[in-house]
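> Next come a sequence and a model predicted from it.
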Amino acid sequence: MKICIFGAGAIGGYMGAKLAQAGADVSLVARGPHLKAMRENGLRLIEESGETTVNVTASDNAADLGPQDYVIVTLKAHSVPAVVPHMQPLIGEDTTIVSGVNGVPWWYFHKTGEDLEGTRLETVDPGGAQWDGFGPDRVLGCVVYPAAEVIEPGVVKHIEGNRFSLGEPDGSKSERAVALSKALMAAGLKAPVRPKIRDEIWVKLWGNLSFNPISALTHSTLDVLCTDPGTREVARNMMLEAQTIAEKLGVKFPIDVDRRIQGGADVGAHRTSMLQDLDQGRPMEIDALVGSVKELGRVTQTPTPTIDTVLSLIALRGKTAGLYGT
Ligand SMILES: NC(=O)C1=CN([C@@H]2O[C@H](COP(=O)(O)OP(=O)(O)OC[C@H]3O[C@@H](n4cnc5c(N)ncnc54)[C@H](OP(=O)(O)O)[C@@H]3O)[C@@H](O)[C@H]2O)C=CC1
Ligand SMILES: CC(C)(CO)C(=O)C(=O)O
């Protein structure tokens with residue numbers, strides 16, 4: 001089984017290192033100093049249990065790697081559309097594309113079997129670049145739970161978690177989902193195949209939609225913003241608006257908003273990825289995490305006043321920092 005990880009930074013690097021350690025036929029697409037370091041010195045993974053260095057096949061040119069059984073996309077959401085043409089050499093007749101990107105996935109309305117079937121989302125797939133360039137039938141959904149960071153070129157630090165939930169858009173337990181799940185489990189990762197991947201996407205999204213922009217706007221960590229009465233209320237209202245949208249789309253939440261916020265508080269003094277991006281001058285995933293939910297509000301005719309307000313604030317914050325909408 002040939003697996004290519006496209007965008008092997010923090011999450012892709014973690015997954016790639018685990019797969020390579022387990023002897024899988026895995027290659028990585030990366031770029032710049034991180035690629036150079038991985039090529040020269042191997043990929044170093046720092047985990048609580050210790051440090052390992054693996055030799056990896058890595059390139060910035062997909063044509064070097066050829067057609068794959070699975071392409072696992074672990075780019076930041078805003079990077080994907082422009083990269084679709086460069087991924088084409090990896091795609092053969094039976095290639096599965098696994099979308100390991102936070103936020104509302106571009107394929108959301110594929111095989112929903114409902115009225116909105118085939119609806120495309122401009123915030124996450126402008127111009128339908130992914131829908132047309134990959135084709136939604138190739139897609140296997142994925143919810144990424146681990147936290148990791150590239151702490152220097154060629155070095156990935158794993159922080160916590162090892163679950164990558166997988167799920168077919170139509171909910172089936174397909175051969176391709178089960179085969180990938182086995183390969184990930186053989187690498188020591190958790191990779192359950194879920195019948196309702198969209199339910200899981202929304203529970204994760206609840207946090208990213210609200211905690212991420214609030215933390216970037218207030219420079220506060222999860223424990224603080226989830227317990228401060230004012231910001232907690234803003235997060236809660238955003239989540240309730242999102243819940244109304246998701247339930248109109250048939251999603252069932254296994255927990256309520258208060259439990260989700262408590263879960264955020266329990267994570268502790270974590271600086272969300274959006275706050276880290278802002279501080280480190282990296283483009284922010286505002287469209288995928290917040291704008292996409294506003295777009296779904298329009299699609300489902302659901303008012304989203306709190307989401308709209310927070311989106312305006314974080315969008316302007318991103319623009320003034322030169323990290324959004326440039
Ligand atoms: N990190 C985390 O803890 C978590 C991340 N996620 C989600 O996972 C996804 C990936 O995040 P993360 O791993 O943090 O992101 P990273 O930025 O660490 O990884 C993406 C990598 O792709 C590289 N890249 C971008 N464009 C190209 C290109 N054209 N060709 C080759 N390489 C390219 C980037 O290089 P460069 O740096 O030069 O841009 C970077 O190394 C996001 O959607 C994120 O929200 C989800 C859960 C936790
Ligand atoms: C906020 C959190 C922990 C999810 O709730 C996250 O995924 C992030 O920092 O991007």
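Sure thing, it's come through. Ligands and ions are numbered 1, 2, ... in the order given.
> Tally up the residues packed near Y145, please.
16 (other CB atoms under 10 Å). No exception for glycine: its C-beta is placed from N, CA and C like everyone else's.
> G161 is in contact with that one, correct?
Yes - look at Y145 against G161 with CB atoms under 8 Å: they come within range, at 4.5 Å.
> Sheet-wise, list the partners of the lengthiest strand in the chain with their directions.
Selection of the longest strand in the chain by residue count, based on DSSP state E, yields strand 91-99. Note on strand 91-99: by DSSP bridges, its sheet partners are strand 68-73 (parallel), strand 139-144 (parallel).
> Could you list the residues in contact with whatever helix or strand comes next after that strand?
Reading on from strand 91-99 to the C-terminus, the next helix or strand found by DSSP states H and E is helix 129-134. Here helix 129-134 makes contact (CB atoms under 8 Å, 6 or more residues apart in numbering) with 80-82, 84-85, 87-88, 91, 97, 106-107, 120, 125.
> Would you mind listing what in this structure touches ligand 1?
7, 9-12, 29-32, 34, 60, 74-77, 79, 83, 101-102, 144, 147-148, 150, 273, 285 (CB under 6 Å from any ligand atom).
> With just CA atoms, put the longest strand of the chain into CSV.
Provided in CSV are the C-alpha atoms of strand 91-99 (Å, rounded to 0.1, in the frame of the first residue of the first chain):
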residue,chain,number,x,y,z
ILE,A,91,-3.5,10.5,-8.3
GLY,A,92,-4.1,7.2,-10.2
GLU,A,93,-7.4,5.5,-11.1
ASP,A,94,-8.0,4.1,-7.6
THR,A,95,-6.3,6.7,-5.4
THR,A,96,-8.2,7.7,-2.2
ILE,A,97,-7.7,11.2,-0.9
VAL,A,98,-7.9,11.5,2.8
SER,A,99,-8.8,15.0,4.0
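> By residue count, tell me the biggest helix in the chain.
When the chain is parsed with DSSP state H, its longest helix is helix 197-218.
> Output that one as CSV, nothing but the C-alphas.
What follows is helix 197-218, C-alpha atoms only, in CSV (Å, rounded to 0.1, in the frame of the first residue of the first chain):
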residue,chain,number,x,y,z
ILE,A,197,-18.1,11.1,10.4
ARG,A,198,-20.0,14.4,10.1
ASP,A,199,-21.2,14.1,13.7
GLU,A,200,-17.6,13.9,14.8
ILE,A,201,-16.5,16.7,12.5
TRP,A,202,-19.0,19.0,14.2
VAL,A,203,-18.0,18.2,17.8
LYS,A,204,-14.4,19.0,16.9
LEU,A,205,-15.5,22.1,14.9
TRP,A,206,-17.5,23.4,17.8
GLY,A,207,-14.2,24.1,19.6
ASN,A,208,-12.2,25.4,16.6
LEU,A,209,-15.1,27.7,15.5
SER,A,210,-15.3,29.4,18.9
PHE,A,211,-12.1,28.8,21.0
ASN,A,212,-9.7,29.6,18.2
PRO,A,213,-10.8,33.1,17.2
ILE,A,214,-11.6,34.1,20.8
SER,A,215,-8.2,33.0,21.9
ALA,A,216,-6.5,34.9,19.0
LEU,A,217,-8.6,38.0,19.7
THR,A,218,-8.0,38.0,23.5
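> quick one: average confidence on the helix or strand following it?
Per DSSP H and E, the first helix or strand lying C-terminal to helix 197-218 is helix 222-225. Throughout helix 222-225, pLDDT has a mean value of 97.
> Tell me if the longest helix of the chain is near ligand 2.
Yes - using CB under 6 Å from any ligand atom, helix 197-218 reaches ligand 2 at G207, N208, F211, N212.
> A191 touches A179, doesn't it?
No - the pair A191 / A179 is not scored as a contact, 10.7 Å apart, by CB under 8 Å.
> As TSV, the residues of helix 197-218 next to ligand 2 with neighbour count would be great.
Supplementary listing: those in TSV, determined by neighbours: other CB atoms under 10 Å:
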residue	neighbour count
G207	21
N208	20
F211	30
N212	27
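> Against A58, how distant is the residue nearest to L225 when sequence neighbours are not counted?
What sits nearest to L225 in space, not counting adjacent residues and going by CB to CB, 6 or more residues apart in numbering, is T231, at 4.4 Å. Counting by CB to CB, to the nearest Å, the gap between T231 and A58 amounts to 41 Å.
> Excluding chain neighbours, what is closest to A82?
A129 is the one closest to A82 (CB to CB, 6+ apart), at 7.6 Å.
> Helices along the stretch 151-300 of the chain, start to end?
175-186, 197-218, 222-225, 229-248, 257-267, 273-279, 286, 292-299 (DSSP state H, counting those that start in this stretch).
> Chain neighbours aside, what residue packs nearest to the residue of the chain found nearest ligand 2?
Nearest residue of the chain to ligand 2: G207, at 2.6 Å (CB to the nearest ligand atom). Nearest residue to G207 in three dimensions, chain neighbours excluded: G264, at 5.7 Å (CB to CB, 6+ apart).
> still on that earlier bit, so between A191 and A179, which is more surrounded?
Taking neighbours as other CB under 10 Å, A191 and A179 compare with A191 leading, 21 against 14.
> do you know how far the residue lying closest to L296 once chain neighbours are set aside is from ligand 1?
In this structure, L296 finds its nearest non-sequential neighbour in I245, 5.0 Å apart by CB to CB, 6+ apart. Shown here: I245 relative to ligand 1, a distance of 20 Å by CB to the nearest ligand atom, to the nearest Å.
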